[in-house]
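> Need a 3D model of the sequence below.
(chains A, B, C and D)
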Number of protein chains: 2
Amino acid sequence: MTITMKDIAEIVGVSESTVSRAINNKAGVGAKTKEEILEVAKKRNFQPNRLAQNLAKQETNVIGLLLPDISSLFYSDVARGVQDYATKEGYQVIVCNTDDNKEHEINYINWLKSNKVAGMIFLGGGLVNNEIVKLGLTDYPIVLANRLVEQVTLPSVLIDDTSGAFKATEHLLDKEYERIGLVLGPANSWQSQNRLQGYKRALQQRKIDYDSNLVLNKSWTRKSGYQGFLELMDLEDPPRAIFAANDLIAAGVVEAIKLGGYFIPHDIAVVGFDDTVVTSVIDPPLTTISRPMHQLGVKSANKLLSLIKEENFSQEIEILESELKIREST
Amino acid sequence: MTITMKDIAEIVGVSESTVSRAINNKAGVGAKTKEEILEVAKKRNFQPNRLAQNLAKQETNVIGLLLPDISSLFYSDVARGVQDYATKEGYQVIVCNTDDNKEHEINYINWLKSNKVAGMIFLGGGLVNNEIVKLGLTDYPIVLANRLVEQVTLPSVLIDDTSGAFKATEHLLDKEYERIGLVLGPANSWQSQNRLQGYKRALQQRKIDYDSNLVLNKSWTRKSGYQGFLELMDLEDPPRAIFAANDLIAAGVVEAIKLGGYFIPHDIAVVGFDDTVVTSVIDPPLTTISRPMHQLGVKSANKLLSLIKEENFSQEIEILESELKIREST
DNA sequence: TTGTATGCGTTATCAT
DNA sequence: ATGATAACGCATACAA
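Alright, predicted model coming up:
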């Protein structure tokens, strides 16, 4: 069923090397011979065996993408970005779900290596850098996406969460709100910390004092938003604008506001963070911070491929900005 | 840097075939020789070159997964299921985003074929069956996941949407509601049609007359749910239970109910469909139909691998049931 | 038990 | 312009 170059060579009555040259469009084949070969190849639907091809060329057009979980809202978007760019450049990508399990990660890395992939992207998660080095990956094209490592610096693409929070806060500040409630997730999560930092920086820029009473550390849930709003309203001088550190929290805030009989944004303004589907459940449409997830994938793949092709003109670390999406809640 | 069997053979002072046998745990190697070989292999961190291995064995441990879009909520879950099962069985999967574009699909299929994948899963989307056959895939292990084709029957795994709607309706019927409002998506979508069919079947079973006034065809949005509820309330004899054909619609229904001053489920009961993240935004927690998406992936991969291993004991078409998740909205 | 030889389907380096 | 040949790294049938 499946035909090889050898077969074509026999049919046309030439050598395998001539067939190879003709099919790969290389110089050194008579016009007529070439035509004949291509005709047979097309007619018999010849497909080169990539395994043999890659083995001979000592290179592949496959890259590996390691991430915690492809079914996550965040990572699947990034993965799509990686695939879009890679495909466009003639590469395929193998997605490996590590579940943040170090053992899984190592197994996958070994599998990818033995399959001679052209390079790898490590998205999120947290394999310590030393171990990556130990796995002999230093001489391997690698890009880190949204994953910071200490010590050794590897080419990376990151999304700047802090500046996202900065923009959200700044936006409310622009709207003349000076006291802005902030409902965060747990205090020990770095997401909370980054977003708090952005919030503080925005206040600082406007020379507005930071009031810790306005900042609540809760969890990343709708319920937290609901309760958080009630707590903020209990303050002596309650805020008339609220920055919810993710969309789920924002949903809770919005619901509490509406059930309290207030109007958005007339009485109280709300900004969310993430721009997930959750946004579509909220009325009025939520002003929120949109993180360039697809873009993160595209840029990472872009960086990796230029590494592979040794066009190392891309800077080591690239930082992507989040975008403020102004809708009707502010 | 990377070591081959040839190198090991030289180091130990045996032939390549002996090394191959030792490493692949095959009979016919002296215990001592084997030990020596394995030691060197381990020490030098030998990784067999899969390209060469596959080329020699004329088989690979890679399967292709074609789907419209990995970043979609639904498909990414299924993909995860495929990967989980495949990985467990020692296979890797290549995900290809077709965007329902026929040309893309054909390109991917050709790429997968030339890479000698062991088999493919076609998830969703719609390449006509004839074309699949034309691509010479009939002699290729293939499984269709949630994609029905006419004519030729290929091994398939499907999720029975109709029975999901049946269960949702039955549940409300069990709660003694006889008049049940149904808010669907567009009338021409087969999702709407299936869900309507399940609804009707449940009524029929209880010998309850179908009242078309209770059934609304709108769109798959929150807004539709909101308006749908208002329309239903305008009826002479409004329903006290509502089946929303997806979670987004349910979210709108719930909001309208609450803003109308009614209580859920005391005054009005609501059932959704999909069990997506949207559910977590709704208060009270929504009773909904959960489709076994991850399971769909697992079963598809399972079927494909048994096809590959020629253990064709699995039935041609497998149907997966949806599950009723009873929470607090009913 | 071990080694030799050959093949897997290409690519690439020589000759001719 | 074309062909013979080796090489890529491994598996395997056949000898020894």
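
> hey, let's count contacts and neighbours off CA atoms from now on
Noted.

> who's in contact with the host helix or strand of A:Phe243?
Assigning secondary structure by DSSP states H and E places A:Phe243 in strand A:241-244. Strand A:241-244 is contacted from outside by A:168-169, A:172, A:177, A:179-184, A:225, A:250, A:253, A:268-273, using Cα atoms under 8 Å, 6 or more residues apart in numbering or on different chains.

> my guess is A:Leu67 meets A:Ile109, correct?
No. Taking Cα atoms under 8 Å as the definition, A:Leu67 is not a contact partner of A:Ile109, at 11.6 Å.

> Between those two, which has more neighbouring residues?
Set side by side, A:Leu67 and A:Ile109 show unequal neighbour counts under other Cα atoms under 10 Å in any protein chain shown, the larger going to A:Leu67 at 25 against 21.

> Now that one: closest residue in space that isn't a chain neighbour?
A:Leu123 (4.9 Å; Cα to Cα, 6 or more residues apart in numbering or on different chains).

> Isn't that neighbour up against A:Ile142?
No. Because the distance of 10.8 Å does not satisfy Cα under 8 Å, A:Leu123 is recorded as not touching A:Ile142.

> Point out where the stretch 201-330 of chain A drops to low pLDDT.
Low-confidence segments of the stretch 201-330 of chain A, defined by pLDDT under 70, span residues A:312-315.

> need the residues of it near DNA strand D, please.
Residues of the stretch 201-330 of chain A lying near DNA strand D by Cα under 7 Å from any atom of the strand: none.

> what does chain A have sitting close to DNA strand C?
A:3-6, A:16-17, A:20-21, A:24, A:47-49, A:52-53, A:55-57.

> ok, which stretches of chain A are strands?
Using DSSP state E, the strands assigned to chain A run over residues A:62-67, A:92-97, A:119-123, A:142-145, A:156-160, A:180-184, A:215-217, A:241-244, A:269-271, A:288-290, A:317-321, A:323-325.

> Of the residues of chain A next to DNA strand C, grab the buried ones for ChimeraX.
Restricted to buried positions by 16 or more other Cα atoms under 10 Å in any protein chain shown, the ChimeraX selection for those reads:
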select /A:5,16,20,47,48,49,52,55
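
> when you check chain B, which of the residues of chain A next to DNA strand C turn up near it?
Checked against chain B using Cα under 8 Å from any Cα of the partner chain, the residues of chain A next to DNA strand C give the following subset in range: A:Gln47, A:Pro48, A:Asn49, A:Ala52, A:Leu55.

> Look at A:Pro285 and say how many residues are nearby.
One way to gauge burial is a neighbour count; for A:Pro285, by other Cα under 10 Å, it gives 14.

> next one: the one 4 residues further on
Neighbours of A:Ile289 under the rule other Cα under 10 Å: 25.

> And for the one 3 residues further on?
Burial of A:Pro292, expressed as a neighbour count using other Cα under 10 Å, amounts to 20.

> Tell me the spacing between it and DNA strand C.
Here the criterion is Cα to the nearest atom of the strand, to the nearest Å. By it, A:Pro292 lies 38 Å from DNA strand C.

> got a list of what that residue touches?
Listed by Cα under 8 Å, 6+ apart, the contact set of A:Pro292 reads A:Ile159, A:Leu320, A:Glu321, A:Ser322, A:Glu323.

> Roughly how far does the first one sit from A:Arg291?
When Cα to Cα, to the nearest Å is the yardstick, A:Ile159 and A:Arg291 sit 7 Å from each other.

> what's the overlap in contacts for these two?
For the pair A:Ile159 and A:Arg291, residues contacting each of them under the criterion Cα under 8 Å, 6+ apart are A:Glu321, A:Ser322.

> Show me the residue at the heart of chain A, geometrically.
Geometric centre of chain A, nearest residue: A:Val78, 3.4 Å, by Cα atoms, centre = their mean.

> is it true that it touches A:Ser300?
No. A:Val78 is beyond contact range of A:Ser300, at 9.2 Å (criterion: Cα under 8 Å).

> so where do the helices sit in chain A?
Per DSSP state H, chain A carries helices over the ranges A:5-12, A:16-23, A:31-43, A:50-57, A:73-88, A:102-114, A:129-134, A:161-174, A:190-205, A:222-233, A:247-259, A:293-308.

> Identify each buried residue in stretch A:261-270, please.
Under 16+ other Cα under 10 Å, the buried positions of stretch A:261-270 are A:Ile264, A:Ile268, A:Ala269, A:Val270.
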